[in-house]
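1. Fold the following.
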Amino acid sequence: MSINHILGIPEEVKHHLENINAMFEQGKYNAEYLHEQVLILEWQLELLAISHLARDLQLLPSNKRSMKREQLIRRLLLMRRQIEDVIQNNKWTAVTLASDICRLLAKLAIELRESPSAFTK
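-> Residues are numbered from 1 along each chain as shown. The predicted structure follows:
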């Protein structure tokens, strides 16, 4: 999956999303079990949806961006929580990689919350 083809995502956000996607690709490549690959594919689809939401934020009038930005942040944090739950239940063996992905998801959510200007035209 590639996020590069999605136009209109702010560069700071796109950079984080590309890094997270690259980690998912690494996890898919190194997965020991089929169910791990399936989980990663599901998360990549969610990351793609998040990328489209980030792009769509750019197109909204400024008075509607705040609500959609919060929705984006919630989706990032929900994905982080889902990955943490999978690790706790021993459903993914790449604990270090998963921790790195969770760290990046949290970092992006914090940056978006602290810097709403990332989505100004």
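
2. Please make it C-alpha for all contacts and neighbour counts, starting now.
-> OK.

3. Can you classify residue 63 by secondary structure?
-> With DSSP: H, G, I helix; E, B strand; the rest coil as the basis, residue 63 sits in helix.

4. Locate the most centrally placed residue in the chain within the secondary structure: which element?
-> Centrality entry for the chain: nearest residue to the mean C-alpha point is residue 47, 4.6 Å, by CA atoms, centre = their mean. Per DSSP states H and E: residue 47 is located in helix 34-59.

5. show me the contacts for residue 54.
-> Contacts for residue 54 (CA atoms under 8 Å, 6 or more residues apart in numbering) come out as 9-10, 13, 69, 72.

6. Give me the pLDDT value at the closest residue to residue 28 other than its chain neighbours.
-> With sequence-adjacent residues excluded and distances taken as CA to CA, 6 or more residues apart in numbering, residue 28 is closest to residue 37, at 5.2 Å. Per-residue confidence (pLDDT) for residue 37: 95.

7. do you know how far residue 37 is from residue 70?
-> Distance, residue 37 to residue 70, by CA to CA, to the nearest Å: 29 Å.
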